[in-house]
Structures are given as structure tokens and as C-alpha cells.
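*Asks:* Got a predicted model here, sequence first, then my questions.
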Amino acid sequence: MKKKCLSLILGIMLVLSLGSCGKESVTTSGCAEQEMVKDDTTSSTPKVKREDSASKLADIDSNEGNHAEVKIVMIGDILLHEPVMAAFLQEDGSYDFSALFDDTRALSQNSDLAILNQETILGGSELGVSGYPAFNSPQEVGDAEVDAGYNTILSATNHALDRGEGAIRKDISYWKEKHPDVTLLGLHEDEADAEKIRVVEKNGIRIAILNYTYGTNGIAEPEDYLVDDLTEEKAMRELDWAEENADFTIVCPHWGTEYQLEESEYQRKYAKLFTEHGADLILGAHPHVIQPIEWVESENGNRCLCYYSVGNFVTGTSDSGAGIMNRVISGMAEVTLHKDEDQVCIEHADIHPLVCHWENGSYRVIPLEHYSEELAEKNEIKYRDPSFSLDSVKLTVDSVWPNQEFKGE
């Protein structure tokens, strides 16, 4: 039986002052379908031994894990429209996206588990890069993401099949060969891989991470294991397994209604289902704008902290009109877990509002607390939506994520 605890929620979550508990610690011996993904550069966790050819997992020596903490951050959609890709194209035909992450690098690198939503498939330049509506992105963006500290990539999106099965396989191969320590979620090369549930171990805490998409823009999967689709049956089965085999469970759904600043009934329905079956944290993407953060309670007494949508991290949308400015507002979710003996709790949760800044063909993503009137005057999103200003950004953020103070400049 899962033990309950109370914890302190800071920053924007002051209105949600009751905490959340993860699962009791359990052994993982005999769980043949579990895949432990380890990152020795960010974790002091003892090594997990594989016992035999059945890939059973031995108990973890947690001498250092009785009072452990794990810091989790997550950013939203890496939405690589053609102008964004062009901004980072080099003279030799390669790409360098490093500058995209410069202003938020300190936040992402100072974390144990750094998650992002890779909205567009990384099929690479050989397939020909392309923007909306059938995206294919250069793989160099993945190099910049890893350099910025991101170690968990969400790829179950509605654009996953934009360029077919070949692009998905090139995406998977890129991560396996170039960055094997990165946890890739949402895409699979075969049925056996699709049956595995990723469990990342950080500082003695086993964290199951699930990633699903509501659909793939009507494009049928040539193989039904390629992309993790969101269905009740699949979610319940995998969450129930995670409840028994991990200390804490994160669900990262690609869901909701695009450009709506409030969550939909569909999102509320699935948030309840995730919570009922043991999810502890929901980190949502897809609407391309920010949406509320709240505690979700299920009828069986479970509670889960839900970020319905953290918006676009980067976008180069060509749309114009009222509300377009909302597409350049996003946030970095920050959640700190604390393990005390056999309990894992959310000790701290917050959101760092961000602004995607367009200027002279370049793109930066800047924390709102460092964004100024001068920068806002130069942001070319105002030519898409004249209502854009520093004050209008703050008003939007305050309406969706209240009780957050901004220092500004």
C-alpha cells in the first residue's frame, strides 16, 4: 500500500500547499520487462547488476539513498519551423542550435532529470529538412539539447509520422548511436522495445516515465509499435506496472486543444485516469500555449501534480492575429523529489516562465524575469500580433499561473 505524506510546495504552487507522495520502495528482482536507463554523470546511484540472460534486476544497494533528492525540469515543444532552422544554419551547411539554449542553460544543467518535448522528428538532413505541415528536423538540434543538459527526450507527438517510418528509424538510430545515455521516449524500433517501460534511476530513486500522443494527424502507422499512442488500456496497464516497480511515476502526454489557455475535458479525463492508476506527476505538451497547473485527485484517494501544458519552447509560426503572442510564452517546470526512507515526495514545485524572442532572424528563449521592455520592443512576434508587449506577457502568465512574482528589468 502506498504511504501518504505531506510536503512543501513553493513558488507558483503556494496555492497548492499539500504535497504528493510517490510509491513505497520496492525491489525489482524478476522484472524482466523493465529497462533501467542510467546516467553516471548525473547520478551517484550504485550500479544495478543484471543477474542473468533473462535480464532480471538485482536489488539496489541504497546506502546513499535513504535521504535523497532529485531535481526534475521540463520544457515544452521544440517546434522547428523553417525560419527557426534557417536561423541556426551554418555556412558549411551544418546546423548549430547551441545559442537557442544559452539563456536557460543554467536551469537545465543544474538538474538530475531534464526533459523536453521534441515536437518534430529528427530524421536528419539526408531526408531533407522541412517545416510545417510535414516536419523533419536536423539532428544537430539533439546535440545542442544534450549539451544544454537534457537527458530525456519526448518524441510521441502528433508529428511523429510526418515523414514516415524511415524518418522515425533515423531518429531512433541517431539517439542510440550518438547519445546512448539519453532516454528516448515515445518511439520504438520493434515490438520488444515497445513493451519496455523506461525507469530512470537518479540518486537512489527509481522514476518511471511514460510518454503518449493522442494521435498522429491522421497518418496511419505502418507498424503499430512505432509510436506510443494514448489509449486507456495501454495507459492503465503501464501505470499499474510502474506502480509496482518504481518509486515515482511521471506521465508526459501529448494532448489537449491547440492554442487554448485552459485544459480540455479530454485532458481532465485522462489526468484522472493517470492519477487513479498511480501517476505522481503529469508534464503535458501539445497545445502550443501555456495551461494551468493543479493537483488532480482521483476517487481512490490518489493525488497527482499536473502541468497541463508548458507551451512552446521555440516556434517560428507564420500565423498572424489576436492570440498569436501566446505561442511564444512557455515555462520550465521544476519539481524536486525527496526520498526519506521508503517514501518519495514532491518537496518543491515551481514554474519558470519563458519568452521566445525573435530578432533579426535569430531566436533566443529568455526567462521572463530577465526579459525587459527594450527586448519586448524588438521582438518580431509583435508583427504577427500587435498586442505583444512585456505587460501583456505578464498578464497572460498571471492569468494562467497566478501567484508568481516577476522581478523584470
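*Replies:* Ah, there it is. Residues are numbered from 1 along each chain as shown.

*Asks:* What ranges does this protein have for its helices?
*Replies:* Taking DSSP state H as the criterion, the chain carries its helices at 82-87, 105-109, 140-147, 164-178, 191-194, 232-245, 265-276, 373-378, 390-400.

*Asks:* Now render the ones you listed as CSV, adding mean pLDDT and distance to Ala99.
*Replies:* For glycine as for every other residue, the C-beta is placed from the backbone atoms N, C-alpha and C. Below are these laid out as CSV (pLDDT from 0 to 100; distance: least, C-beta to C-beta, whole Å):
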stretch, mean pLDDT, distance to Ala99
helix 82-87, 98, 9
helix 105-109, 96, 10
helix 140-147, 98, 8
helix 164-178, 98, 20
helix 191-194, 97, 34
helix 232-245, 98, 37
helix 265-276, 98, 33
helix 373-378, 98, 15
helix 390-400, 98, 21
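
*Asks:* tell me the contacts of Thr275?
*Replies:* Going by C-beta atoms under 8 Å, 6 or more residues apart in numbering, Thr275 touches 282, 296-298, 302-304, 306.

*Asks:* how does it look with 10 Å?
*Replies:* Contact analysis of Thr275 by C-beta atoms under 10 Å, 6 or more residues apart in numbering lists 20, 239, 251, 282, 295-306.

*Asks:* just the buried members of those residues?
*Replies:* Buried members of the contacts of Thr275, scored by 16 or more other C-beta atoms under 10 Å, are 20, 239, 251, 282, 295-296, 298, 302-306.

*Asks:* Buried residues, the longest strand along the chain. List them.
*Replies:* Longest strand in the chain, counting residues (DSSP state E): strand 343-359. Judged by neighbour count using 16+ other C-beta under 10 Å, the buried positions of strand 343-359 are 343-358.

*Asks:* Equivalent analysis for stretch 171-181, please.
*Replies:* By 16+ other C-beta under 10 Å, the buried positions in stretch 171-181 come out as 171-172, 174-175, 179.

*Asks:* Which single one of the contacts of Thr275 is nearest to Leu185?
*Replies:* Closest approach to Leu185 among the contacts of Thr275 (C-beta to C-beta): Val251, at 10.7 Å.

*Asks:* So what's the predicted local confidence for that closest one?
*Replies:* Val251 is assigned 99 on the pLDDT scale.

*Asks:* That one and Ala279 touch, don't they?
*Replies:* Yes. With contact defined as C-beta atoms under 10 Å, Val251 counts as touching Ala279 (4.7 Å).

*Asks:* Much appreciated, bye for now.
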